[in-house]
Structures are given as structure tokens and as C-alpha cells.
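Student: no sequence for this one, just the structure:
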């Protein structure tokens, strides 16, 4: 079930289910292997079984990707412990940090802040469209003071990726 924002419609990360399924499989595989090895060695006790289950749950929590949704004027990132939302139509700043594992940091006029993996926007043009529309409104209102160059560069990267995909799909690339 997708979150519905103030406008009543929402766009979600279409790659989230596959990533979540992979995280669950890795955690179950780890848990199954550790319990199996411990059982085979004859050293499995209830306390050790609880340890393996706890470690498997921790691995799941670390591997489970954040779920990103967006709608008219908002963007939300829901992780295992909390949900963060920013108003994209009243952004104050946008920053990109890191090179290899880059992430965007968005801040709005209400003081809300969220971090987002730019790869999610690359894989989901509809999420990018919602963010871009909100950024344009922020620029019109004059609230966005920092980060326009980051968004312009990201927009060009996403447009180039989508154009290449269209050309390859049509046999022209």
C-alpha cells in the first residue's frame, strides 16, 4: 500500500520490492546457515538459536532499503524505524554528499530534513518528476537558496540515462 499525501496520489519506488526481497533472502539465508551449522555441530541451544535469529533480524534491518514515495509537493523516505517527509514546494537547501555512496540531503522551510539515495531517482523517473516539480515551485517562491546546481546536474544525468534507454529500446543506440 502506498502512502497518500495531501493531493491524494502518490508515486513509489518501483525497485523497492525487489531490493526488499533480496534483503529478506539474505537474512533468511544467514539465519538458516548459522542454525544449520550450529545444529550439525551439536551445539545448538535455545540461547544460541535466539542469538542467530537476532543477528538475522539485525542483518535484515541493515539491508532493507528505505521506501521512497512522493506526491504533489512532498517527498517521503520511510526506513525501518521512522518516516521522514519534506515539502518539495518549500525547499530551503539541497546538498549531495559523498562520491561512491552519494546521498542527497533535502531541507524544507519547516525544518524537516531527509536523506535520499540519488540512484532511487535514476531508477524512478516519476519520483524525479515529482521532486523536480516541487523544486520549480520552491524556486518560484524564492525559498530554495542552495543546491540548484546539484539538482541541475542530477537532472541532466537522469535525462541522459532515460534518453539512452529509449534509444537502445528503439534499436537506435
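Tutor: Cool, the structure landed. All values reported here derive from a predicted model rather than from experimental measurement. Numbering: from 1, shown residues only.
Student: going forward, measure contacts between C-alpha atoms and count neighbours the same way
Tutor: Will do.
Student: distance of the residue sitting furthest away from the middle of the chain from residue 164?
Tutor: The outermost residue of the chain, judged against the average C-alpha position, is residue 42 (41.8 Å), by C-alpha atoms, centre = their mean. To residue 164, residue 42 is 56 Å away according to C-alpha to C-alpha, to the nearest Å.
Student: stretch 75-83: end-to-end distance?
Tutor: End-to-end distance (C-alpha to C-alpha), stretch 75-83: 11 Å.
Student: hmm, who's touching it?
Tutor: 61, 64-70, 84-88, 114-116, 131 (C-alpha atoms under 8 Å, 6 or more residues apart in numbering).
Student: ok, and for it, which residues are buried?
Tutor: Neighbour-count burial for stretch 75-83, with 16 or more other C-alpha atoms under 10 Å as criterion, is recorded at 75-77.
Student: for the chain, just list every one of the strands.
Tutor: 11-12, 67-71, 74-78, 83-87, 91-97, 103-108, 113-116 (DSSP state E).
Student: ok, the first one: who's next to it in the sheet?
Tutor: The strands beside strand 11-12 in its sheet (DSSP bridges) come out as strand 67-71 (antiparallel).
Student: ok and the strand it pairs with relative to strand 83-87, angle-wise?
Tutor: Going by axes from the mean of the first three to the mean of the last three C-alpha atoms, to 10 degrees, strand 67-71 is angled at 30 degrees with respect to strand 83-87.
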